[in-house]
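*Asks:* Structure, please.
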Amino acid sequence: MYGSLPLSIAHGITPTMLKCAPHKIPIIPVMLFLQLIFYVPLTAQESTLQKVDTLRLSADSVVVFNDSVFIPSRDTLLIIDQKTDYKIRSNPYKDSRNFYDSLYYKTRDSKIERELYDLLLAYKPPKTRQPKGNHTKAKSDFTQIEGKVISSIHFVKVDIMEGSVYDTSQTGSSAFSELLNKVHVNTRDWVLKKYMLVETGDTIIPALLADNERIIRQLPGIEDCRILAVQDSAESAKINLVVVTQDNFPVAVTGAISGLDNFNAQLSNQNSFGLGLELGGEVMYNSKYRIPWGYDLNALYRNLMGSYIDSRISWVDAFERRRFQVGFSRGFITPQTKYGGELTFGWIKNKYEINNSDTIVKDYYESDFQDVWLGRSILLGDNTSRTNLIVSARFERQGFNRRPHIDSDSNFNFHNRKVYYGRVAISHLNYYKTTMIRSFGNTEDIPYGYTGGFTLAYLEGDYLQRLYTGVNVAGGKYFPRFGYFRANLIAGGFFRNGSLSQGIFESDLFYYTPLTYLKRYSYRNFFRVIYRHAITNDVKATFDFGEHIRNFDQEGLAGTTTLSIKYEFVLFSPWYWYGFRFAPFIFADAGLISNSRNVFYKSRFYSAPGIGLRIRNESLAFKNFIISIGVFPQTVNGGKDVFYNISAGEGPVVSILNIQKPSILRRDLILP
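*Replies:* The predicted structure follows:
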C-alpha cells in the first residue's frame with residue numbers, strides 16, 4: 001500500500017558494506033558511531049573529517065559503484081566519500097517488481113491460475129502490517145498516488161476463516177476453517193463492481209478511494225475490504241487497483257426462549273448465493289395468544305442496477321397481527337452523492353385493548369401508511385471537498401380505515417396524521433480506520449468531523465394542527481494522547497397558540513480511551529453520559545432511562561429529567577478457539593431521575609454493575625455473542641436484584657454523526 005515514505009540517513013557507508021547487504025542499511029551502529037565522533041575534541045575532528053558528497057535517492061533509483069550496487073528500499077539520504085566514483089541510474093528491478101505484483105493479484109481469484117502461479121513462481125508481494133488500535137485518516141493510504149490514472153481494477157477474495165486482507169496468501173488451516181471456506185459462495189465480482197465509485201481511466205482522488213473501501217466494508221456480507229494500489233509496469237503515471245475482500249459466513253441461526261410457552265427462532269442469510277441478497281425469517285410461539293404461532297418473512301436487495309437504491313419487502317403474520325411493507329431507499333453515501341431519499345408504504349391490521357374506568361374494549365384496527373422523502377446535497381468546494389449543504393423535504397401519512405372511538409384528548413395513537421417536513425443541514429465528515437474497538441483485527445470505520453441541521457415540520461391531525469422546530473449539532477474527533485470524543489446535542493418542540501409545547505433537550509457525550517497494552521493483552525475504557533430534560537411540562541410521554549441501564553425493569557418509573565452514565569472496561573485477550581476471540585468486560589450503568597428541572601434535586605438513583613464476556617468471530621454474520629451478569633442494588637417494583645443476559649449481534653459503538661432523513665427528534669418521547 002502506498003503511504004508516506006520515511007527518510008533514513010546513511011553516513012559513512014562504503015561500497016564494501018553495501019556489497020554485503022545492499023538492501024539493509026545499518027542505521028543504529030552508524031548513528032552510535034557518529035555520536036562518538038561528535039564528542040571528540042574539535043582538533044581531532046578537524047584532522048579526521050573527510051570531504052563527502054550527499055546523495056538524496058528515491059526508491060526508484062540505484063547507485064552503481066565500481067564493485068557494488070546500492071538499491072534503496074525507501075527514500076534515502078546517502079553520504080559517501082567525495083573521492084568515491086558512482087553513477088545514479090533508474091531502478092531496473094522496480095518495473096519487474098511491479099509486474100510480478102500485478103501478476104500475483106490478477107491470479108488470486110481463479111483457482112487454476114492461482115495454483116499455476118504458485119507452481120511456477122515463488123514471488124509474493126511484501127506483507128504489510130496491520131496497525132492495532134491506531135487511528136489513521138482513511139485517505140492517508142492513497143495520498144501518494146493522488147492524481148495518477150487507474151489502468152485496471154481487479155478483485156481478489158481471501159478465505160472467510162483465517163484469511164486476511166493484509167496477507168492474501170494466508171489461508172485457513174483447521175478442518176473447521178476448510179469446511180466453512182468450501183461451502184461458502186464468495187460475493188460475485190459483478191456485485192462488487194456495482195459498488196465501485198471509480199473506473200478505468202479515472203484520476204485518483206484519495207478520499208474517494210477511502211470512501212469506496214468503507215462502502216464495501218459496510219456491506220452485511222463483507223467482513224473487511226482493502227484497496228491496494230500496484231504501480232503499472234508499463235507507465236509510471238498509471239496505477240492498477242486491486243480490491244481485496246473478505247466475506248463473512250452469511251447464514252445465521254438465532255433464537256430466544258423464555259420457556260415452553262414463549263420462544264422464537266430466526267434464520268437469515270445476509271448474502272445469498274454471493275448476490276448481495278438478504279433473506280430472513282422468524283418463527284414465533286407465545287401461548288398467551290389465541291393464535292399462538294406466528295412468522296416474519298423479509299427480503300432486501302441492495303444497489304439496484306448500480307443505482308445505490310436498496311429495496312426491501314416484509315410480511316408479518318403473528319399473534320393476530322398482520323403487517324405488509326415495501327420500501328426503497330438511497331442515502332448520501334459520499335460527499336459527492338447529489339440525491340438521496342426513501343419511499344415506504346404498506347398496511348397493518350392488529351388487535352387493540354383499551355382499559356376504560358369500568359370496561360375493557362377489545363377489537364381490531366386497520367391502517368395504511370406512506371412515507372417519502374427526497375434530499376439534494378450541494379458540495380461546497382471542489383470535487384475533493386468533504387463539506388456539504390443538504391436540503392431535504394419529507395411527507396408522512398398514516399390513515400385508519402378501522403379504529404376505536406376517538407376525540408381530541410383520547411386515543412391519540414389512533415388519530416389520522418399527516419406530517420410535512422423541511423430540513424437544512426451542513427455536514428463535514430471524514431473517517432478514521434482503526435481496530436480493537438469492537439473487532440479484534442478487522443478494520444473499523446470511525447467518523448470524525450461535524451454536522452448540524454435545522455428541521456421545520458407541520459403536523460396535521462384529526463383535531464390538532466401545529467408547527468414543530470428542531471435543531472441538532474454533532475461532532476467527533478480522535479486525539480492520539482487522550483482518545484476519541486463525540487458529542488451530540490438536540491433540542492426541539494412544538495408551537496401551539498404561539499407558545500412552545502412538548503419541548504425536549506438532550507445531550508449525549510461519548511468517549512473511549514486509546515488502546516493500552518498489558519503484555520499479550522490490551523484494553524480500552526468506554527464512557528457515555530446522556531442528559532435528557534423536558535423543556536416544557538406538557539410532554540405526554542414520561543421519561544425513563546431507556547436502554548441506558550441494561551435489563552432494568554422501568555415499569556412505573558417516570559420523570560422530567562434524567563442523567564445516565566455508562567461505563568465499560570474491555571479487555572482484549574489473546575485467547576483464540578476456531579476463529580472465536582474473547583473479550584471479558586466490566587460494566588457499571590447508573591442514573592438519576594427527577595421530576596424537577598434540577599436532576600440532583602429530589603432525584604432517585606439506580607444502578608446496574610456487573611461483568612460479562614464478549615465472544616466474537618469476525619467471519620460470522622452475527623459477530624458478537626454477549627454473556628453478562630449483574631446486580632440491581634435498587635429496584636423500582638421490587639423485582640429481581642440479580643440479572644443475566646445472553647444476546648447475539650451488536651450495533652456500532654460510534655453511531656453515524658449525520659442525520660440525513662428529516663424527522664421529529666426523539667419523537668418516541670414527545671409524541672404518543
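*Asks:* Quick one: the helices in this protein, in order.
*Replies:* Listed in chain order, the helices of the chain (DSSP state H) span 15-20, 27-38, 42-48, 92-106, 111-120, 175-183, 189-193, 206-217, 667-670.
*Asks:* Give me the mean pLDDT for the first one.
*Replies:* The predicted model gives helix 15-20 an average pLDDT of 35.
*Asks:* The fifth one too?
*Replies:* Helix 111-120 shows a mean pLDDT of 66.
*Asks:* ok, now the third one?
*Replies:* Throughout helix 42-48, pLDDT has a mean value of 37.
*Asks:* The longest one now?
*Replies:* Confidence over helix 92-106, taken as the mean pLDDT, stands at 59.
*Asks:* same deal with the shortest one?
*Replies:* This predicted structure assigns helix 667-670 an average pLDDT of 72.
*Asks:* Closest to the centroid, which residue in the protein?
*Replies:* residue 445 (4.4 Å; Cα atoms, centre = their mean).
*Asks:* if I look at that one, how far off is residue 304?
*Replies:* Using Cβ to Cβ, to the nearest Å, we find residue 445 at a distance of 24 Å from residue 304. To be clear about C-beta, it is placed using only N, CA and C from the backbone, and glycine gets the same treatment.
*Asks:* Please tell me I have it right and residue 227 contacts residue 241.
*Replies:* Yes: taking Cβ atoms under 8 Å as the definition, residue 227 is a contact partner of residue 241 at 6.0 Å.
*Asks:* Quickly list what's touching both of these two.
*Replies:* residue 209 (Cβ atoms under 8 Å, 6 or more residues apart in numbering).
*Asks:* In terms of neighbours, single out the busier of these two.
*Replies:* residue 241 (25 against 21; other Cβ atoms under 10 Å).
*Asks:* Quick check: the more buried one touching residue 152?
*Replies:* Yes: Residue 241 lies in contact with residue 152 (Cβ under 8 Å); the separation is 7.2 Å.
*Asks:* contacting residues for residue 501?
*Replies:* 466, 493, 494, 495, 536, 538.
*Asks:* I meant residue 252, not that one.
*Replies:* So residue 252 contacts 266, 267, 268, 269, 270, 620, 621, 622, 648 (Cβ under 8 Å, 6+ apart).
*Asks:* what are the ranges of the strands in the stretch 351-500 of the chain?
*Replies:* Remark: strands assigned in the stretch 351-500 of the chain by DSSP state E, counting those that start in this stretch are 360-379, 387-402, 417-434, 444-461, 465-479, 483-496, 499-512.
*Asks:* can you put those strands in a markdown table and add mean pLDDT and distance to residue 411?
*Replies:* As requested, the strands of the stretch 351-500 of the chain are exported to a markdown table (pLDDT from 0 to 100; distance: least, Cβ to Cβ, whole Å):
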| stretch | mean pLDDT | distance to residue 411 |
| --- | --- | --- |
| strand 360-379 | 93 | 10 |
| strand 387-402 | 95 | 10 |
| strand 417-434 | 94 | 13 |
| strand 444-461 | 93 | 12 |
| strand 465-479 | 94 | 18 |
| strand 483-496 | 92 | 19 |
| strand 499-512 | 91 | 18 |
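*Asks:* Name only those of the contacts of residue 501 that count as buried.
*Replies:* Neighbour-count burial (16 or more other Cβ atoms under 10 Å) applied to these gives 493, 494.
*Asks:* where does the chain dip in pLDDT?
*Replies:* The chain contains residues with pLDDT under 70 at 1-60, 66-69, 71-82, 89-111, 114-132, 539-544, 638-640, 656-659, 669-672.
*Asks:* Kindly recompute the last result at 50.
*Replies:* Low-confidence segments of the chain (pLDDT under 50): 1-52.
*Asks:* Might one say that residue 598 is in contact with residue 563?
*Replies:* No: Residue 598 lies out of contact with residue 563 (Cβ under 8 Å); the separation is 10.4 Å.
*Asks:* Which one's more surrounded, those two?
*Replies:* Applying other Cβ under 10 Å to residue 598 and residue 563 shows that residue 563 carries more neighbours, namely 21 against 10.
*Asks:* For that one, name its beta-bridge partners.
*Replies:* Beta-bridge pairing of residue 563 under DSSP bridges involves residue 531, residue 592.
*Asks:* Ok, the one 4 residues further on next?
*Replies:* Counting by DSSP bridges, residue 567 forms beta bridges with residue 527, residue 588.
*Asks:* what number of residues lie near it?
*Replies:* 15.
*Asks:* contacting residues around it?
*Replies:* Applying Cβ under 8 Å, 6+ apart, the residues near residue 567 are 525, 526, 527, 587, 588, 589.
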